[in-house]
Structures are given as structure tokens and as C-alpha cells.
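Visitor: I'd like to go over a predicted model; first the sequence, then the structure.
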Amino acid sequence: MNTHDEAGDPGEHLWFMNTWVTIRRPSSSAADGVSIIEHHMPYGDSPPLHVHHDEDEVFHVLEGAVRVQVGGNIQEFAAGQTFVAPRGTPHTFKVTSPEGLRCLTLTFGAGFETLVREFGRPIGAMALPPAAEPTPEMIASLTAVAGRNGIDILGPPLA
């Protein structure tokens, strides 16, 4: 995975769970409310099964590969491919490429971006942290912050 130094990049960099995120286009930057976030994820990373009630989520894979569950369908996606998790549809994914995954997420509303900002923490080095299992306290905190932003945590990550 290319984890180049982006010190000159104007995006806002945060840690979000095991993911290095860069907010490339805040939802507040234009009247359309579109948010674009770049993610760098380590091999095996998988968010819990969740659902966005207020916004569709579009993923575009830039580098690596990922197994995705949207509703009852499971598919593989690689660099150059795009998939959508429509609002109201439970989804999760798991990074399957050893080098990790780099992708963009686009949402049409501020819910996910606000979750990332509220649950995220300042980033240090411009590289991925070691992957770590979330603690029960982290899961409880994520569930509370997600709920305030129109996102419900429904179950475990993709196995």
C-alpha cells in the first residue's frame, strides 16, 4: 500500500478505528452536501455490520481488494471498481489484500463524516497503525456516536 507523506495535502487527517482517513471534501464545502473521505485500511480490517438511515454510501477502490456484504449479497471488489451501500441497507466489508486497501467513500449528507470527526482522533505519522481488535469500550462508544449520526451498529464485522 502506498502510504506516502501527504504533509502538503490540505485534507484533514484522522485515525478512525484502524483506518487512516483524510477528509478530502467536507460536506459543508458546497450546497450539495457531498462528503468525500479517503481511507487507508490494513489487511483484515472490517467495520461492524451497520446501516446508514439518512445517506447512501458509495465506495471507490483505489488500491487493494475488499470483500463486501451489502444486504444479503457478498462480492469482491478491486482497484478501479465501485460499489454502493444504499441508505437503509445493512453492510460491512473486509480488506482482503495483504497490502491493505485505499478507497474513497462518498456520502450525500454529513452523518458519516460527522461520525468520523467525533469518533476519530488526531493522526501522528502518515502511516497505518498496527491493526488492533476494538475493546468493548470502543464498541460501546462507536455505537453511541454512530447512533447520534443516523447510523446503527447491527452486528459483528465480516468474518
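Guide: Nice, I can see it. What you see is a predicted model; the values in this text were computed from it and never measured.
Visitor: helix or strand for residue 140, which one?
Guide: Assigned by DSSP states H and E, residue 140 belongs to helix 136-148.
Visitor: who's in contact with that helix?
Guide: Outside helix 136-148, the residues that touch it by C-beta atoms under 8 Å, 6 or more residues apart in numbering are 17, 48, 50, 115, 118, 119, 134, 152, 153. Where you see a C-beta, it was placed from the backbone N, CA and C, and this is true even at glycine.
Visitor: isn't the fifth one right next to residue 149, touching?
Guide: Think residue 118. Yes - between residue 118 and residue 149 there is a contact under C-beta atoms under 8 Å: 7.4 Å.
Visitor: Looking at the two, which one has more neighbours?
Guide: Neighbours around residue 118 and residue 149, counted as other C-beta atoms under 10 Å, are more numerous at residue 149. The numbers are 21 against 15.
Visitor: I'd assumed residue 114 was in contact with the more buried one.
Guide: Yes - here residue 149 reaches residue 114: they are 5.0 Å apart, a contact under C-beta under 8 Å.
Visitor: hey, which helix or strand in the chain has the poorest pLDDT?
Guide: Within the chain, no helix or strand scores below strand 121-122, which has a mean of 87 by mean pLDDT, DSSP states H and E.
Visitor: about what we covered before: in helices, which of the contacts of helix 136-148 appear?
Guide: Counting by DSSP state H, those place 115, 118, 119 in helices.
Visitor: Between these, which sits nearest residue 58?
Guide: In terms of C-beta to C-beta, no member of the ones in helices among the contacts of helix 136-148 lies closer to residue 58 than residue 115, at 16.3 Å.
Visitor: So residue 24 versus residue 63, what's the distance?
Guide: Taking C-beta to C-beta, to the nearest Å as the measure, residue 24 falls 15 Å from residue 63.
Visitor: coming back round to it: out of the contacts of helix 136-148, show me where the pLDDT dips lowest.
Guide: Of all the contacts of helix 136-148, residue 134 has the smallest pLDDT value, namely 75.
Visitor: so where's this protein uncertain?
Guide: Flagging of the chain using pLDDT under 70 yields the residue ranges 1-10, 125, 127-132.
Visitor: how about the helices in it?
Guide: Counting by DSSP H, the helices of the chain are 111-119, 136-148.
Visitor: State the distance from residue 89 to residue 67.
Guide: From residue 89 across to residue 67, the span is 17 Å (C-beta to C-beta).
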